[in-house]
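Chemist: I'd like to go over a predicted model; first the sequence, then the structure.
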Amino acid sequence: MLAFAVVTSLFFMWAIANNFNDILIKQFQKALELSRMESGLVQTAFYFGYFTFALPAGWMITRLGYKAGIIIGLGLYATGAVMFYPAAEVRQFGFFLIALYIIAAGLAFLETAANPLIAVMGPGRTAAQRLNLAQSFNGLGGFLAPFMGGALIFSGIEHTPAELAAMSPARIDAYRATEALAVQAPYLGLAAIVILLTVLVAILRFPKIEEATHSYNDVAHKPIWSFRHLRWAVVAQFFYVGAQVTVWSYFINFAQDLSGVGEKAAAHYLGISLMAFMIGRFAGTALMRFVAPPRLLMFYGIAAALLCAVAMATSGMVAIVALGLTSFFMSVMFPTIFALGVAELGSRTKLGSSLLVMAIIGGALFPPLTGLIGERNQSLQIALIVPLVCFVVVALFGRYMARWLAEREAR
C-alpha cells in the first residue's frame with residue numbers, strides 16, 4: 001500500500017512540471033521577448049525529451065527494474081530544475097530549453113515505470129480504473145500548478161508595445177531581467193522536493209511484481225507492432241497529448257485575448273479548467289464501473305471536439321468556458337488509452353509502455369503549429385481546429401477499441 005502511494009505521488013510531481021510549462025510560455029513571452037510561436041518551443045523541447053528517452057527508459061527499466069528507473073527519472077528531473085537558476089541568470093532561451101529537455105527526460109523514465117507499474121499492481125480487469133485513480137493525483141497537480149505558478153512566477157506587471165517603446169533600453173532590460181529571475185526560486189524548490197522523494201524511493205521496499213510472460217496468443221514471440229490495438233493506441237495518444245498540450249499552452253493567451261483580463265486572472269482561469277480536469281479524473285474512475293472504458297473514451301472525445309467548435313464560434317466568456325470545459329473530458333483520455341494499449345501484452349508490457357510514452361511527442365509538434373496558425377490568422381480561435389481534429393481521432397480510437405474488446409469477448 002505504501003509503495004502504491006509513493007508511486008501515485010509521482011503522478012502529482014510530473015503534473016507540476018508539465019503544467020508549469022503553461023506559465024513559462026506566457027512568462028518567456030515577457031522576459032525573453034518571444035512570439036507565441038517561439039514560446040511554443042517550450043513544449044517542443046519538453047516533449048522531445050519524452051520522445052527521445054522513452055525507449056531507452058524502457059530498456060533500462062527492463063534490465064534494472066521499476067525502482068531503478070524511478071530513481072534515474074527523479075535524478076534527471078531534479079537536475080533540469082536546478083539548471084533553471086543559471087539559465088535565468090544569463091537569460092538564454094536555449095539554456096531554458098535544455099533544462100526543460102532534461103526534466104522531460106526524467107519524466108519519460110517516471111512515466112514509463114509508473115504507468116505500467118500501477119497497471120500491474122492488481123487484477124488486470126481493473127487496470128484502467130486503477131490507472132485512472134493514480135492519474136487523478138496527476139489531475140490534482142495539474143489543478144494546483146497554474147495557481148502556484150501564477151502566484152510564484154507572474155509579477156502581474158505587463159507592458160503594451162507602446163509602453164515598451166517609450167521606455168529606455170536600460171529600463172526595458174531591467175524589466176526583462178526581473179521577469180526572467182522570477183523562475184529561479186520556484187524551480188529550486190521543486191528540485192528540493194524531488195530530491196527528498198528520490199531518497200524516499202531509494203529506502204522504500206517495492207513489492208515484487210510478477211508479470212505474465214505469455215498469454216493465450218503467445219505474445220513473447222510476436223513483433224510489438226503486430227498488436228493492432230497497441231498501434232492505434234500510440235496514434236490516439238499522439239493526437240490526445242497534442243490536443244491537451246495545445247489547449248493548456250495557449251489558454252492564458254486565449255483568455256486574455258477574449259476577455260482582456262491580466263495574466264494572473266488568466267492563470268486562475270486555467271487553474272479552474274484544470275480543477276475540472278481533476279474532477280473529471282475522479283468522476284471517470286467512478287463512471288467506469290458502469291460504462292466500458294473505450295465507450296466512455298469515445299463519448300468524451302466527441303464532447304471535447306464539440307466544445308472546441310463552440311470556443312471557435314462564440315466570443316467572450318462563453319468561448320473561454322467552452323475551452324476550459326474540454327479539460328473535464330480530457331481527464332480520462334491518457335490513462336484509458338494507455339491501459340487499453342498495454343492490454344494483453346504480457347512480457348511486452350514495458351516495451352509497449354515505452355511506445356505509448358514516445359507518442360507524447362504530439363505535445364512537441366502541435367503547439368507551435370497552433371501558434372503559427374493563430375499568428376497567420378491573428379486569431380487563436382481559428383487555430384483551435386488543431387485540437388478539435390485531435391479529439392475526433394481519440395473518439396474514433398474509443399469506437400475501435402469498443403469493437404475490438406467485443407470481438408475478444410465473443411471468442
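Modeler: The structure has been received and is ready for your questions. Numbering: from 1, shown residues only.
Chemist: where in the stretch 301-411 of the chain is pLDDT low?
Modeler: Filtered on pLDDT under 70, the stretch 301-411 of the chain yields the residue ranges 410-411.
Chemist: contact partners of the one helix or strand Met358 maps to?
Modeler: Here Met358, judged by DSSP states H and E, is contained in helix 349-358. Contacts with helix 349-358, where a contact means Cβ atoms under 8 Å, 6 or more residues apart in numbering, come from 50-51, 54-55, 57-59, 61-62, 108, 111-112, 115-116, 119-120, 211, 224, 227, 230, 233-234, 237, 337-338, 341-342, 345. All C-beta spots, glycine's among them, are computed from the backbone N, C-alpha and C.
Chemist: 6 Å instead, please
Modeler: 51, 54-55, 58, 61-62, 108, 111-112, 115-116, 224, 230, 234, 237, 338, 341-342, 345 (Cβ atoms under 6 Å, 6 or more residues apart in numbering).
Chemist: list the contacts for Phe329?
Modeler: Neighbouring residues of Phe329 by Cβ under 6 Å, 6+ apart: Tyr300, Ala303, Ala304.
Chemist: those helices in the stretch 151-300 of the chain, which residues are they?
Modeler: 161-166, 169-181, 184-203, 228-249, 251-259, 263-287, 293-313 (DSSP state H, counting those that start in this stretch).
Chemist: buried residues in the last one?
Modeler: So that's helix 293-313. Of the residues in helix 293-313, those buried under the neighbour-count criterion (16 or more other Cβ atoms under 10 Å) are 293-294, 296-305, 307-308, 310-312.
Chemist: Any stretches of the protein with poor pLDDT?
Modeler: 122-128, 207-221, 223, 410-411.
Chemist: Look through it and tell me its longest helix.
Modeler: helix 2-31 (DSSP state H).
Chemist: Need phi/psi at Ala292.
Modeler: Comment: the main-chain dihedrals of Ala292 come out as phi -60, psi 140, following degrees, to the nearest 10.
Chemist: That one: neighbour count?
Modeler: Here the neighbour count serves as a burial measure; for Ala292 (other Cβ atoms under 10 Å) it reads 15.
Chemist: If we ignore the residues flanking it in sequence, what's nearest it?
Modeler: If the residues on either side of it in the chain are set aside, Ala292 comes closest to Ala402, at 6.5 Å by Cβ to Cβ, 6 or more residues apart in numbering.
Chemist: Off-centre distance for the helix or strand that contains the one you found?
Modeler: Here Ala402 sits within helix 385-410, counting by DSSP H and E. For helix 385-410, the gap between its own C-alpha mean and the chain's C-alpha mean amounts to 20 Å (Cα atoms, centre = their mean, to the nearest Å).
Chemist: Same question for stretch 72-89.
Modeler: The chain centroid and the centroid of stretch 72-89 are separated by 18 Å under Cα atoms, centre = their mean.
Chemist: before we move on, back to that, surely the residue nearest to Ala292 is in contact with Pro294?
Modeler: Yes - using Cβ atoms under 6 Å as the test, Ala402 is close enough to Pro294 to be in contact (4.2 Å).
Chemist: thinking again about what came up before, just checking, next helix/strand downstream of the helix holding Met358?
Modeler: Moving toward the C-terminus from helix 349-358, the first helix or strand encountered (DSSP H and E) is helix 362-377.
Chemist: now the angle from that following helix to helix 228-249?
Modeler: Between the axes of helix 362-377 and helix 228-249, defined by axes from the mean of the first three to the mean of the last three Cα atoms, to 10 degrees, the angle is 50 degrees.
Chemist: Tell me the buried residues in helix 362-377?
Modeler: Buried positions in helix 362-377, judged by neighbour count with 16+ other Cβ under 10 Å: Gly362, Gly363, Ala364, Leu365, Phe366, Pro367, Pro368, Thr370, Gly371, Leu372, Ile373, Gly374.
Chemist: got it, and stretch 85-94?
Modeler: Along stretch 85-94, the positions that meet the burial threshold by neighbour count (16+ other Cβ under 10 Å) are Tyr85, Ala87, Ala88, Arg91, Phe93.
Chemist: do the same with stretch 138-157
Modeler: When neighbours are counted by 16+ other Cβ under 10 Å, the buried residues of stretch 138-157 are found to be 138-150, 153-154.
Chemist: Inside strands: which ones of those?
Modeler: Judged by DSSP state E, strands contain none of those.
Chemist: quick one: the closest residue to Gln29 other than its chain neighbours from Pro116, how far?
Modeler: Leaving aside its chain neighbours, Gln29 sits nearest to Ser39 (5.0 Å; criterion: Cβ to Cβ, 6+ apart). Summarising the geometry, the distance separating Ser39 from Pro116, computed by Cβ to Cβ, to the nearest Å, is 33 Å.
Chemist: more crowded one of these two?
Modeler: Looking at Ser39 and Pro116 with other Cβ under 10 Å, you find the greater number of neighbours at Pro116, namely 29 against 25.
Chemist: which residue packs closest to that one, ignoring adjacent ones?
Modeler: Ranked by Cβ to Cβ, 6+ apart and with sequence neighbours excluded, the top spatial neighbour of Pro116 is Ser353, at 4.4 Å.
Chemist: distance of that neighbour from Leu34?
Modeler: Look at Ser353 and Leu34: by Cβ to Cβ, they are 34 Å apart.
Chemist: Those two: who's more crowded?
Modeler: Applying other Cβ under 10 Å to Ser353 and Leu34 shows that Ser353 carries more neighbours, namely 26 against 17.
Chemist: Off-centre distance for stretch 197-204?
Modeler: On the basis of Cα atoms, centre = their mean, stretch 197-204 sits 24 Å off its chain's mean C-alpha point.
Chemist: Could you do stretch 316-325 as well?
Modeler: The chain centre lies 21 Å from the centre of stretch 316-325; the measure is Cα atoms, centre = their mean.
Chemist: now what about it, what contacts it?
Modeler: Outside of stretch 316-325, the residues within contact range by Cβ under 6 Å, 6+ apart are Ala255, Leu258, Ser273, Leu307, Val310, Ala311.
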